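Undergrad: Need coordinates for the following:
(one chain, ligands or ions: 1)
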Amino acid sequence: MERSQLTGKIQTVLGLIDPECLGVTLPHEHLVSDGSCWYVEPGEASVKAMVHQPVSLDNLWWIRYHLFQNMDDLMFLDEQEAIDEAMRFKLAGGDSIVEMSNIGLGRDPAALARISRATGLNIIMGSGYYLDVSHGPEMDARSQQEITDEIVRDITEGVGSTGIRAGLIGEIGCSWPMTDNERKSLLASARAQQLTGAHLNVHPGQGEDAAMEIVQLLDKAGADLSRTTIDHIDRAVREPANRIKLAQTGCYLEYDLFGREGYYPIHHRVIDLPNDAQRINEIIELIDRGFLSQILISQDIWNKIQRCTYGGWGYAHIMRNTLPVMRAKGMTEEQIHSIMVENPRRVFTFV
Ligand SMILES: [Zn+2]
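TA: The predicted model follows:
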């Protein structure tokens, strides 16, 4: 696949499509993935008992307040369950899902192709490397050039021998502080963006300054910030002035934790999260400042408890529950259309 064939098109796991066919899009989800890199084995016997149980109604109360600590909760291995859950989005009026599971998150091109055929949804697959904790021991020796080459190959030729090609670069994992290998992976991704015209999507670490550090690093490396998205704004950039500064760089701001409300404790820290109504208020503030065309929203479903099967809100949450609140808060149909259709179409079209 030459770059000229990609330009002006969107690349799904079933091949190239015209941008007009993308439709209503969730730009950051996971369908089949392995999130075990987040798992830390506890010392206490009674906690061990909780972390190794399968997710059930009987332990939902514990998992909801001990996020990323139950092993089963971190595993999306059941393809039929992924199909059933994704169909809820389709039946609610959805057209396309961007599947961000890349290297380190159990990326599975063949499964994504089957899920796309079974559901009729367009599925776009990610490329590049997730967080340092998911890098294999060989990452130290891998050069920046090798990582760039690998991403370019995934986009132009396909992953391994599957012939199934990635449609974006991401989600590229960065911790706080960023590790040396994450910096190498990020700069390699920026180079792959230049070579392919693909969109670059970055997961920032858990520090207020992480997003801006990434954007400045990318800018210095010659990345196209207007073709770059910073994820998880709803936990990563909590100062209103910092969101404005970030938006002024030209990058996309992705509120992709819709459905998660309150807080989560992680590694002995507490991450405050807005609720959905507050997310919408922040989005309206950004629109009022002129940044409508840089906003993306999604649900980043990668834990079982987020799925309807396990009492969660599921892939149709934004369609069913968020858009009505946006309307009630005064957002127009044109603004909602920009966020759900036009912005993702611009983002995922190769340049
Ligand atoms: Zn994600």
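Undergrad: For the ion, what's the nearest residue on the stretch 51-200 of the chain?
TA: The stretch 51-200 of the chain approaches the ion most closely through residue 100 (4.5 Å), counting by C-beta to the ion. C-beta: built from backbone N, CA, C; applies to glycine.
Undergrad: didn't that residue look like it was pressed against residue 201?
TA: Yes. Counting by C-beta atoms under 8 Å, residue 100 sits close enough to residue 201 to count as a contact (7.0 Å).
Undergrad: which neighbours do these two share?
TA: Where contact means C-beta atoms under 8 Å, 6 or more residues apart in numbering, the residues bridging residue 100 and residue 201 through contact with each are 28, 126, 170-171.
Undergrad: Just checking, which helix or strand of this protein averages the lowest pLDDT?
TA: strand 262-266 (a mean of 84; mean pLDDT, DSSP states H and E).
Undergrad: Alpha carbons only: can I get it in CSV?
TA: Output of strand 262-266 as CSV, limited to C-alpha atoms (Å, rounded to 0.1, in the frame of the first residue of the first chain):
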residue,chain,number,x,y,z
GLY,A,262,-16.2,10.1,40.9
TYR,A,263,-12.6,9.0,41.4
TYR,A,264,-10.3,6.1,41.4
PRO,A,265,-7.5,5.2,43.7
ILE,A,266,-4.4,3.9,42.0
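Undergrad: May I see the buried residues of it?
TA: Of the residues in strand 262-266, those with enough neighbours to count as buried (16 or more other C-beta atoms under 10 Å) are residue 264.
Undergrad: Dump the C-alpha coordinates for stretch 207-222 into PDB.
TA: The C-alpha coordinates for stretch 207-222 follow below in PDB (Å, rounded to 0.1, in the frame of the first residue of the first chain):
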ATOM      1  CA  GLY A 207       0.300  14.400  36.100                       C
ATOM      2  CA  GLU A 208      -1.300  17.700  35.200                       C
ATOM      3  CA  ASP A 209       1.800  18.700  33.100                       C
ATOM      4  CA  ALA A 210       2.000  15.400  31.200                       C
ATOM      5  CA  ALA A 211      -0.100  16.500  28.300                       C
ATOM      6  CA  MET A 212       1.800  19.700  27.600                       C
ATOM      7  CA  GLU A 213       5.100  18.000  28.000                       C
ATOM      8  CA  ILE A 214       4.100  15.500  25.300                       C
ATOM      9  CA  VAL A 215       2.800  18.200  22.900                       C
ATOM     10  CA  GLN A 216       6.000  20.200  23.300                       C
ATOM     11  CA  LEU A 217       8.100  17.100  22.700                       C
ATOM     12  CA  LEU A 218       6.100  16.300  19.600                       C
ATOM     13  CA  ASP A 219       6.200  19.800  18.300                       C
ATOM     14  CA  LYS A 220      10.000  19.900  18.600                       C
ATOM     15  CA  ALA A 221      10.200  16.600  16.800                       C
ATOM     16  CA  GLY A 222       8.300  18.000  13.900                       C
END
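Undergrad: roughly how far is that stretch from the heart of the chain?
TA: Stretch 207-222 has its average C-alpha position 18 Å from the chain's average C-alpha position, going by C-alpha atoms, centre = their mean, to the nearest Å.
Undergrad: do the same with stretch 76-90
TA: Here the centre of mass of C-alpha atoms in stretch 76-90, compared against the chain's by C-alpha atoms, centre = their mean, lies 17 Å away.
Undergrad: for stretch 136-144, same thing?
TA: Its chain's average C-alpha position is 24 Å from that of stretch 136-144, according to C-alpha atoms, centre = their mean.
Undergrad: give me the residue from the stretch 251-351 of the chain nearest the ion.
TA: residue 300 (4.4 Å).
Undergrad: For the residue of the stretch 51-200 of the chain closest to the ion, which residues are in contact?
TA: For residue 100, the set of contacting residues under the criterion of C-beta under 8 Å, 6+ apart consists of 28-30, 126, 170-171, 201, 300.
Undergrad: could you say what helices and strands the helix of greatest length in the chain packs with?
TA: In the chain, ranked by residue count with DSSP state H as the criterion, the top helix is helix 180-196. Helix 180-196 sits against helix 3-6, helix 144-156, strand 169-173, strand 200-203, helix 210-220, with contacts defined as 3 or more C-beta pairs under 8 Å, 6 or more residues apart in numbering; DSSP states H and E.
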